[in-house]
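Asks: Have a look at this prediction, sequence included:
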Amino acid sequence: MSSFPLAACAEMIWRDRPIDWRAARLKEMGFGVGLWNWPDHDLARLERTGATFTIMNGYLRGDLVDDDGIAELLATARETAAVGRRLGVQRLNLHGTGLGPGGLPVRPVEVVTGAMWLKARDTLCRVAEMAEAEGVVFTLENLNRAVDHPGVPFARAEDTLALVAAVDHPRLRLNLDLYHAQIGEGNLIDLCRRCLPWIGEIQVADVPGRCEPGTGEVDWPGVARALKTMGYAGPVGLEAFASGEPEAALAAFRDAFTV
């Protein structure tokens, strides 16, 4: 049995199947279910699967630093919180700015100023206060700018750690995505150790290719052993494409994180 509660992003596997079928199959296999944007799905059908929904995008539009963008982020995050409670979603995920087609930022930013850092921190304080009132938990996810998300501000794990630690509220945690961190920063075990007090979820995919553990360069069993040694017992989510059969990919993921 894995030392961690395991989940998988339903959007990225069995992509020819309906989303509720994927959620039900993941439940049968003992995995939690990650989702992306809730308006894309029939919520009633997802509810009927009885799956445990571990994470979902926590906003629809907006960003952390522009006044109009902040208003949009807070409004759509509050709307999403109601959907999250309905589905029992454990964590609602945020980024430095809204993402459009292909994961590209709606408002790309190349230089993040000191004033923007302060504005982002203040916005996340407001998110945490709203999360407390709504009874939900938000996470802030790191992304890589080199391959998947050029122009996203506050993208590095160092950035998300600095912001979440500055807010230091139990309703705002890190979604530490180790796929993105490996591309942008590396040194994953030390990164996990430094982020440990604020981690809400860890997400994984191998590099390069963004497929399941064992298809790339990362020693995932070594990462899993280190996480166990440092006392992490929280969720680990596979946010990856299957290199072949989805069930084989899920089995490889489970094997890598069974320590």
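Replies: Cool, the structure landed.
Asks: burial count for the nearest residue to Met130 once chain neighbours are set aside?
Replies: Spatial nearest neighbour of Met130, chain neighbours left out: Arg78 (6.1 Å); criterion: C-beta to C-beta, 6 or more residues apart in numbering. Backbone N, C-alpha and C define where each C-beta goes, glycine included. Taking other C-beta atoms under 10 Å as the criterion, the count of residues near Arg78 is 16.
Asks: Arg78 touches Glu134, doesn't it?
Replies: Yes. With contact defined as C-beta atoms under 8 Å, Arg78 reaches Glu134; the gap is 6.7 Å.
Asks: re earlier: from Glu185, how far off is the residue nearest to Met130?
Replies: 32 Å (C-beta to C-beta, to the nearest Å).
Asks: Same question for Asn142.
Replies: 8 Å.
Asks: any common contacting residues for these two?
Replies: Arg156, Ala157 (C-beta atoms under 8 Å, 6 or more residues apart in numbering).
Asks: In terms of neighbours, single out the busier of those two.
Replies: A direct count of neighbours by other C-beta under 10 Å for Asn142 and Glu185 places Asn142 higher, at 29 against 16.
Asks: How about that one, nearest residue that isn't a chain neighbour?
Replies: Ala157 (4.0 Å).
Asks: Could you pull up the residues touching the one you found?
Replies: Asn142, Leu174, Leu176, Asp177, His180, Ala181, Gly184, Glu185, Leu191, Cys195.
Asks: May I have the beta-bridge partners of the fourth one?
Replies: Note on Asp177: beta-bridge partners Gln203, judged by DSSP bridges.
Asks: need the contact list for it.
Replies: If you count contacts by C-beta under 8 Å, 6+ apart, Asp177 has them with Glu141, Asn142, Leu143, Ala157, Ile202, Gln203, Val204, Glu239.
Asks: And Asp159, how close does it get to Pro18?
Replies: In terms of C-beta to C-beta, Asp159 sits 36 Å off from Pro18.
Asks: Nothing else from me, thank you.
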